[in-house]
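>>> What shape does this take:
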Amino acid sequence: MSLVFVHATLTLDGFLAGPNGEVDWMFDVPSAPEDQEVVDRVCANIGAVVGGANSTRTIEDDGIPYGGIVNAPVFLMTHTPAPPVERDGITYTFVVDDIAEAVESAKRAAGGKWVSLLGGSIGRQCLQLGLVDEIHLDVVPVLLGEGISLFGGLGMRVDLERLETSAFASETHLRFRVLEASV
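You can find the predicted model right below:
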C-alpha cells in the first residue's frame, strides 16, 4: 500500500512561497551533500504526485514537480476538464474537483511507492479528509513575514509522531506520522 505524504520546503515562519508565489529564497541557502541525500532518498520512493495548478503554469512554464528529477505520473487538481498531457516522459492527468479520487488514482499509479502531495491547499484538503499518512518538511532558515502558508486555514488539530529529524548546512529535515486529526 502506498504511503501518502505532504512534502514541502518552507520557511521557518511556515510559508511555501512569498505573497506573489515567489520561491527564490529556496535557492539562496547553502546546502551540504547530506541535504541532497535526504532529498534523493525521498525522491527515490515517490511513485506518483498530486498537486494543484493549471496546465500552463505547471507544465509549460517549467514548473514541473521536483524540477523533473522524479519521473512519476502527476495528478493535477483542476476545475476544468482537460485530456492528459505527456511531457518529457511524465504523464499529467487532470482530475476535476475530487481530491480523494486524485489520491486514489495516484496510489494505483504509484504501484506501492509513495504518493507526494504538493501545495498548501492540496495538503490541507487531504489532511481534512484523513488521506495523509506522513508529513515531510524541509525547513529553510528564512523568515518571509508574509506569503503562502502551508497549513494556514487548516481549521483542525492534527496530532503527529516525529519519525525523523536531521539538520545539515542550513536545512532542517522533519518527518512526522499523522496520528489523529480532529476538528
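
>>> would you list every one of the strands in the chain?
Using DSSP state E, the strands found in the chain span residues 4-11, 15-17, 46-52, 74-78, 85-87, 90-96, 114-117, 134-140, 148-149, 157-167, 172-182.

>>> among these, which is the most enclosed?
strand 114-117 (a mean of 28; mean count of other CB atoms under 10 Å). For glycine as for every other residue, the C-beta is placed from the backbone atoms N, C-alpha and C.

>>> Quick check: mean pLDDT of that strand?
Averaged over strand 114-117, pLDDT sits at 97.

>>> Ok, stretch 161-170 next?
Mean pLDDT, stretch 161-170: 92.

>>> related to what we said a few turns ago, out of the strands of the chain, nearest to Val39?
strand 134-140 (7.4 Å; CB to CB).

>>> Starting from that closest one, tell me which strands it pairs with and how they run.
Strand 134-140 has the following strand partners under DSSP bridges: strand 4-11 (parallel), strand 172-182 (antiparallel).

>>> Restricting to C-alpha, output the shortest one in CSV.
This means strand 4-11. Provided in CSV are the C-alpha atoms of strand 4-11 (Å, rounded to 0.1, in the frame of the first residue of the first chain):
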residue,chain,number,x,y,z
VAL,A,4,0.6,9.3,1.1
PHE,A,5,2.6,12.3,2.4
VAL,A,6,2.6,16.1,2.4
HIS,A,7,6.0,17.2,1.1
ALA,A,8,7.2,20.8,1.3
THR,A,9,10.1,23.1,1.5
LEU,A,10,9.1,26.0,3.6
THR,A,11,10.5,29.0,5.6
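
>>> quick one: it to chain centroid distance?
Offset of strand 4-11 from its chain centre (CA atoms, centre = their mean, to the nearest Å): 5 Å.

>>> could you give the angle of it to strand 46-52?
Angle, strand 4-11 to strand 46-52, by axes from the mean of the first three to the mean of the last three CA atoms, to 10 degrees: 70 degrees.
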